[in-house]
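Enquirer: predicted model follows, preceded by the sequence.
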Amino acid sequence: MWPTPQPILTGPVLKNISSNWALNVLQILIFMILARFTLNVLGQETFGIWEAVIAAAGPLQLMILGVPMATVRAISRAIGRDDERGAKEALGQSLTLTLMLAGAALTAGGFMWWGFEDRLLESQRWSLDGAAILDTRTALAIVLINLAAGFCLRLPYAVFEAFHDFVPRNLIMGAGMLLRLGLTIAALTWDTSLRTLALVQVAVAVFEFTAALMVSRKRHKGMHFRPSALSMNQARKLLSFGIFAFLLNMGALLAFKVDALVVAAHMLPKDVAVYGMANKVFDPLINLLLAIGMVVMPAAAAMRARDEENELRDLLFKWSKVAVFIVLTLGSYLLVFGPEFLDWWLGDEYDPAAGPLLQVLMASFLLFLPVRGVALPILLGSGNPRGPALGLLAMGIGNLALSLILVRTHGIWGVALGTAIPNVIFSLIFIAGARKTLQVRPLEWTAYSLGRVGLGLLPGLGLLLLVKMGPGASGFWPLFTVGLAFVAAQTLAALFYVWRGDPHVDPLRMLRDRRRRDGT
């Protein structure tokens, strides 16, 4: 049942992160298909209402109080100590807590449903007819119930993550994504309504829970999903970390998920859709970086339990550089050709105002994403949740406050600036604060993560700017061709400059060593 300690910096972490990235690629492909399909089938106004529904239900997720993340950490530490009983207790009591919290969430959902209807659905600004109000009201109720049930339905994934069992977890999640793709297209073709879209979410959640439970019973024998009586000691451990995870989630919610409500409260559903067009790109980007964080957080927890401080520091350096390379590669392309990409992707319903909004948001995410994807999960896993949680919460509050101020004078541009400015401030403060917790020098960390990556980016970035200022690129094939050329330039730079001689990752050296082993 129990995994033996592995060389975290090589095979297991890389295998799990690669599995997460494969899932992210599938997620991005399905996301691109469904976003375009849904927008064009529903139209801008109804799509904007759906965005507002999802944003309104978002605060309900906070009531989980970070219990799943705390469960991953508790089981990971028990595994690190070879404490089978402790792992079972953590899971059973986590399930009890989530059942209690799900009941509370259903009650809170009633208040959210009433507030959404009173403030938006029946407002003169939106001016919806009776059929649209009924459809939206029903969809919101379904989404709220599904979110509350999801507290328990997604708990099996915490066991997979704690055991570093990401490959089967990702296969289940990938199957759920494919099911969502097929059901969404079929359902909206049959009935173009928001309640149908909401019911698809329920079907996918039930499928994933059933599959995850069946697979976990076979792979993690002894880890049974049964509620157990709460002991004050274990509950305190779960909730003490869970509170910080709650603050972390609240900060992320305020920073990235409430923007649609800010726009909806001051503007029209069409404006919510326009902002959503620009903001949609960042969900898969964040998930791409969180694919690293999901693996390094339990790895960091196990290292801290074994007092492997040098390995913990190496983990931070290695994966920070990988994250910076990914973000600069994707971010540079979107900064230069973001408007053209949205125009091709979204089709006839694309609004040109979304392109510049995407560029403003992307500029701030260049710094924020590596911090959020690598450094913050490592701090959480190593038992230092206070700073990251309070910092991200402060960023979220600043985001909301600034957006509420600027939306009155600058519209959706004000909301974009209200998101971008706190992103940059939080990232700079976080990098400086990591010095004490992880005993690293910020300049050393920054120089290693950014130095060669930034210089290696210049040839590819020059190519993008040359095409932009010259013939330009619009439509699938021109955008695909220039993107392929840019990726080729980045690949060559990575192999022969960025990671050449790197103490943690040197692809050419690894290839030579493998050939040498195969030859012997």
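Expert: Yep, that arrived.
Enquirer: output stretch 344-363 as PDB, nothing but the C-alphas.
Expert: Written as PDB, here are the backbone C-alpha positions of stretch 344-363 (Å, rounded to 0.1, in the frame of the first residue of the first chain):
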ATOM      1  CA  TRP A 344      -9.700  33.200 -34.900                       C
ATOM      2  CA  TRP A 345     -10.700  31.200 -31.800                       C
ATOM      3  CA  LEU A 346     -14.100  32.800 -30.900                       C
ATOM      4  CA  GLY A 347     -15.300  33.400 -34.400                       C
ATOM      5  CA  ASP A 348     -18.300  35.600 -35.200                       C
ATOM      6  CA  GLU A 349     -19.100  36.500 -31.600                       C
ATOM      7  CA  TYR A 350     -15.600  37.900 -30.900                       C
ATOM      8  CA  ASP A 351     -15.500  41.500 -29.700                       C
ATOM      9  CA  PRO A 352     -12.300  43.500 -30.600                       C
ATOM     10  CA  ALA A 353     -12.300  45.100 -27.200                       C
ATOM     11  CA  ALA A 354     -11.300  41.700 -25.700                       C
ATOM     12  CA  GLY A 355      -7.900  41.600 -27.400                       C
ATOM     13  CA  PRO A 356      -6.200  44.500 -25.600                       C
ATOM     14  CA  LEU A 357      -7.800  43.400 -22.300                       C
ATOM     15  CA  LEU A 358      -6.000  40.000 -22.800                       C
ATOM     16  CA  GLN A 359      -2.700  41.700 -23.300                       C
ATOM     17  CA  VAL A 360      -3.000  43.800 -20.100                       C
ATOM     18  CA  LEU A 361      -3.900  40.800 -18.000                       C
ATOM     19  CA  MET A 362      -1.200  38.600 -19.600                       C
ATOM     20  CA  ALA A 363       1.600  41.200 -18.700                       C
END
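Enquirer: contacts for it?
Expert: With C-beta atoms under 8 Å, 6 or more residues apart in numbering as the test, stretch 344-363 has contacts from 32, 35-36, 39-40, 43-44, 47, 273-275, 277-279, 281-282, 331, 334-335, 338-340, 342-343, 412-413, 416-417, 419-420, 474-476, 479. (C-beta placed from N, C-alpha, C; glycine too.)
Enquirer: same check, this time on stretch 366-376
Expert: 248, 285-286, 288-293, 296, 316, 319-320, 322-324, 327-328, 331, 388, 392, 423-424, 426-428, 430-431, 434, 449.
Enquirer: just checking, next helix/strand downstream of the helix or strand of the chain with the lowest mean pLDDT?
Expert: The helix or strand of the chain with the lowest confidence, counting by mean pLDDT, DSSP states H and E, is helix 232-252 at a mean of 74. Elements were assigned by DSSP states H and E; along the chain past helix 232-252, the next helix or strand is helix 259-266.
Enquirer: buried ones in that next one, by neighbour count?
Expert: The neighbour-count check on helix 259-266 (16 or more other C-beta atoms under 10 Å) flags Asp259, Ala260, Leu261, Val262, Val263, Ala264, His266 as buried.
Enquirer: for the second one, which non-adjacent residue is closest in space?
Expert: Of all residues not flanking Ala260 in the chain, Ala55 sits nearest, at 3.8 Å (C-beta to C-beta, 6 or more residues apart in numbering).
Enquirer: that neighbour contacts Phe256, doesn't it?
Expert: No - between Ala55 and Phe256 there is no contact under C-beta atoms under 8 Å: 9.9 Å.
Enquirer: tell me the average confidence for stretch 335-345?
Expert: What stretch 335-345 shows for mean pLDDT is 96.
Enquirer: distance from it to the middle of the chain?
Expert: Relative to the centre of its chain, stretch 335-345 is centred 22 Å away, using C-alpha atoms, centre = their mean, to the nearest Å.
Enquirer: what's the answer for stretch 501-513, then?
Expert: Stretch 501-513 sits 30 Å away from the centroid of its parent chain (C-alpha atoms, centre = their mean).
Enquirer: could you do stretch 96-110 as well?
Expert: In this view, stretch 96-110 has its centroid 23 Å away from the chain centroid, taken as C-alpha atoms, centre = their mean.
Enquirer: hmm, who's touching that stretch?
Expert: Under the criterion C-beta under 8 Å, 6+ apart, residues 57, 60, 63-65, 67-68, 144-145, 147-149, 151-152, 155, 227-230, 235, 238-239 lie in contact with stretch 96-110.
Enquirer: what about 7 Å?
Expert: Contacts with stretch 96-110, where a contact means C-beta atoms under 7 Å, 6 or more residues apart in numbering, come from 60, 63-65, 67, 144, 148-149, 151-152, 155, 227-228, 230, 235, 238.
Enquirer: centroid residue for this protein?
Expert: Central residue of the chain (C-alpha atoms, centre = their mean): Asn287, 3.5 Å from the mean position.
Enquirer: number of nearby residues for Ile185?
Expert: 16 (other C-beta atoms under 10 Å).
Enquirer: which one is it nearest to, not counting chain neighbours?
Expert: Using C-beta to C-beta, 6+ apart and skipping the chain neighbours, the partner closest in space to Ile185 is Phe37 (6.3 Å).
Enquirer: which two in the contacts of stretch 96-110 are spaced the farthest apart?
Expert: Across the contacts of stretch 96-110, no pair lies farther apart than Leu144 and Ser228, at 27.9 Å, counting by C-beta to C-beta.
Enquirer: more neighbours: the two, which one.
Expert: Per other C-beta under 10 Å, whichever of Leu144 and Ser228 has more neighbours is Leu144, with 23 against 16.
Enquirer: for the helix or strand harbouring that one, name the packing helices and strands.
Expert: Assigned by DSSP H and E, Leu144 falls within helix 130-153. Judged by 3 or more C-beta pairs under 7 Å, 6 or more residues apart in numbering; DSSP states H and E, helix 130-153 is in contact with helix 11-57, helix 84-116, helix 194-219.
Enquirer: closest one to Gly381 among the ones you listed?
Expert: With C-beta to C-beta as the criterion, Gly381 lies closest to helix 11-57 of the helices and strands packed on helix 130-153, at 12.3 Å.
Enquirer: grab the nearest non-local neighbour of Val116.
Expert: Just to correct that, residue 116 is Phe rather than Val. Nearest non-adjacent residue to Phe116, counting by C-beta to C-beta, 6+ apart: Ala56, 4.7 Å away.
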